[in-house]
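Enquirer: could you look at this predicted model? Sequence included:
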Amino acid sequence: AGGGAGSAPHGAGAVAGRNRLAHLRRGVRQGRGDVAEKSANTILSRGRNMKRELLSISQILENHPMKDAKPAYKAQYISLLRYYAKYYSEDDLWTESLLKLYQVQLFADIQPYEIATEDVQKLTRKISAAHFKFWGFYSYWCSFAIDLFFINAFDDRKKAVKIKDDLCSMLRPAKAQLLQTVFDALYDNVADETLKKQNIDSQMACWIRNRNFLQRPVCKVLITANMSAGKSTLLNAIVGKKVNKTKNEACTAKVHYIVSKAFEDGFIYEWDHNLELNADEKILMDDNEENASDRITVGSYFRTPLPASDAPLWLIDTPGVNSSRDAEHKEIAGAALKNIQADMLIYLLNATQLGTVDDARHLSFIRENYKGKIIFVVNKLDEFRTDEDSVPEALKSVKVMLEDIGFQEPLVMPISARCGYLAKRKLYEDDLDRYEEMEFEFLCKSLNQTEYQFDTYYTGTVQTEDSALADSDAYQLLLHSGILSLENILYKIGEEK
C-alpha cells in the first residue's frame, strides 16, 4: 500500500499533484507556513483571529484508536500531524493548543521528531498503509484524516478542501478515494458503508455532534449584579462546575464569556491570552496578567439533568458595578450592557440586601440603556429566617420597586445559587468536603419547607428523564433551588431561535 519518497502521484491529476507536493515542500523548507515570508507581526497578532465559537467544540479523544497503537507508529502519527499543522496553521492558537492536548492525552510517552521535507510523501503513505492485527489487516488512515481535519480545519471547509487535495496528490488511488470518503462524511454528511470498517465510530459520532451543535443559533445571556449578589456562584451552578471565583470581592475588570460545549469530554477550556484546553482550577481562578483585552472565555459542558438541549448557551458575566476599588469595573460592565447583543439579561439581586442605593442606581442605568428581555432573579432567599422573613413578601417588594423605577410587568424569580451549586456537585458525584456535606444536609432540610421550594414560584414544571435520579436528595435540592427552572427558561429561548 506504500510507495517510495518522491514517487509521482497516480491518476489523471498526477501533474497537478506533483505541483501541489512541490509547493507543500517549498512552503516548509525555509520556515513554517506559506511560501511567502511572514512578518514579525504574525507572532504579535497570535490568537487575534481565533473564534470564540471554537470553545464550544468538544474533544474527540475518547476511545481514540491511537491509544492502542504501538509506540513507533504513534511517533510517526503525531510527528506527521505536527508537520502538517506547521504548514497549514502556522501560529494558529487553536491548532497549537490542540496539538499540545493530543500530545499529553494520546502521546504522553512519545517524543515527536522533525520530518525532512523529502520524506513527507513517504511517511504519509506509510501512515495510510494497512497494519496487521490479530483479527486481520487494519489501517489508522481514516483516524489520522479526521484528526488532521479536526486540528486544522473543523470549521473551515475551504481550508479542508486544500488539505484533502494536497494529500490526495501524494497517495495511491485507493487511499486517496478513502480520504475523499472521509471528507464527504465530515463536511457534507455523506454516509458510506466503507467507513464502518475503519474503527472510527467514536470520532465520527463526536464530529457530528460538534458540527450539529455549532450549526444551532447561540443563546446569549448577559448577567449583571452588584457585588455580593452571588453572581459567580450562579454561573457555577448553571455550569455545574467551578469555573468562576466565588470570593466575596470584586474580580478583575473583565467580561467573562462562559460558553457551553457540545457534550461532556472531561475538559474545561480557558482563553485568557493563552489558550488552555485542559484548564485546572488554578488556571481558571488566576487571571493572566498578559491578557491586555477586557475578555476572558471559558468553554465547558454544562451539566444538567434536564433533557438534553442542542442549543448552545453563552453566559456573559459582566464585572460588579459597585466596586469601590476600581471604577473600571463599572465602565466595562456599562459598555457590555450597552453594546453586546443578547437574548436575555439576568439581573441578580441579593435578597439579604434589597433596596440599596447601589441597586437603585444600576437598575436605573439598565432601564435607560438595555432594551431586551430581562429576568430579575432574587438570590440568597435560603438565608431568610422563617420566623422573621417572608419569601412571597420579598418577591412582591422587589416587583414594586422595579415598577417604581419604570419596568413594566417585571418578571421576578427566586433562586438559591449556593443550593443549586452544591446539589449539582453532589448529583454528579464530585467530592464534597466535610463542611460542604454538612451544609448540603442542612440545606436539604431547609428547602424542603413549602415556602422555600423556589421552583413552585415559576410557571410550568421541570422534570428529568431519569426517574431514579428524581428521587435523590441532590436532585430535590437542585429542583427546589430554582436553578433548574431558570435553566429551563434559558434553554427554551435557545431552542426557539
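Expert: Sure, I can see it.

Enquirer: so Met290 sits in a helix?
Expert: No Met there; residue 290 is Glu. No. Secondary structure of Glu290 (DSSP: H, G, I helix; E, B strand; the rest coil): coil, not part of a helix.

Enquirer: show me the contacts for the nearest residue to it once chain neighbours are set aside.
Expert: Once flanking residues are discounted, Glu290 sits nearest to His273: 4.4 Å by Cβ to Cβ, 6 or more residues apart in numbering. Glycine gets a C-beta too; all of them are placed from N, C-alpha and C. Shown in contact with His273 (Cβ atoms under 8 Å, 6 or more residues apart in numbering): 47, 288, 290-293.

Enquirer: equivalent analysis for Leu171, please.
Expert: 9, 124-125, 128, 179.

Enquirer: among the residues you listed, which lie within helices?
Expert: Among the contacts of Leu171, the members falling in helices (DSSP state H) are 124-125, 128, 179.

Enquirer: of the residues you listed, closest to Ala116?
Expert: Within those, proximity to Ala116 (Cβ to Cβ) peaks at Thr124, which comes in at 13.0 Å.

Enquirer: sec struct for Leu315, please.
Expert: Three-state call for Leu315 (three-state DSSP): strand.

Enquirer: related to what we said a few turns ago, and which of the contacts of Leu171 is nearest to Met401?
Expert: For the contacts of Leu171, the minimum distance to Met401 (Cβ to Cβ) is 63.9 Å, reached by Leu179.

Enquirer: I figured that closest one hits Ala145, correct?
Expert: Yes. With contact defined as Cβ atoms under 8 Å, Leu179 counts as touching Ala145 (5.5 Å).

Enquirer: shared neighbours of the two, which are they?
Expert: In contact with both Leu179 and Ala145: Leu167, using Cβ under 8 Å, 6+ apart.

Enquirer: more neighbours: which of the two?
Expert: Per other Cβ atoms under 10 Å, whichever of Leu179 and Ala145 has more neighbours is Ala145, with 26 against 23.

Enquirer: show me what contacts the more buried one?
Expert: So Ala145 contacts 167, 179, 182-183 (Cβ under 8 Å, 6+ apart).

Enquirer: relative to its centre, which residue of this protein is most distant?
Expert: Asp387 (43.9 Å; Cα atoms, centre = their mean).

Enquirer: that older thread, export the contacts of Ala145 as JSON lines, with columns for secondary structure.
Expert: As requested, those are arranged in JSON lines below (three-state DSSP):
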{"residue": "Leu167", "secondary structure": "helix"}
{"residue": "Leu179", "secondary structure": "helix"}
{"residue": "Val182", "secondary structure": "helix"}
{"residue": "Phe183", "secondary structure": "helix"}
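
Enquirer: can you list the ones in helices among the contacts of Leu171 in CSV and add pLDDT and distance to Lys396?
Expert: Shown next, in CSV, are these (pLDDT from 0 to 100; distance: Cβ to Cβ, whole Å):
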residue, pLDDT, distance to Lys396
Thr124, 95, 70
Arg125, 94, 74
Ser128, 91, 70
Leu179, 95, 65
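
Enquirer: residue ranges with poor pLDDT in the stretch 1-150 of the chain?
Expert: 1-49, 130-138 (pLDDT under 70).

Enquirer: my read: Ile53 touches Phe154, true?
Expert: Actually, residue 53 is Glu rather than Ile. No. Judged on Cβ under 8 Å, Glu53 makes no contact with Phe154 at a distance of 10.3 Å.

Enquirer: between the two, tell me which one has more neighbours.
Expert: Taking neighbours as other Cβ under 10 Å, Glu53 and Phe154 compare with Phe154 leading, 22 against 15.
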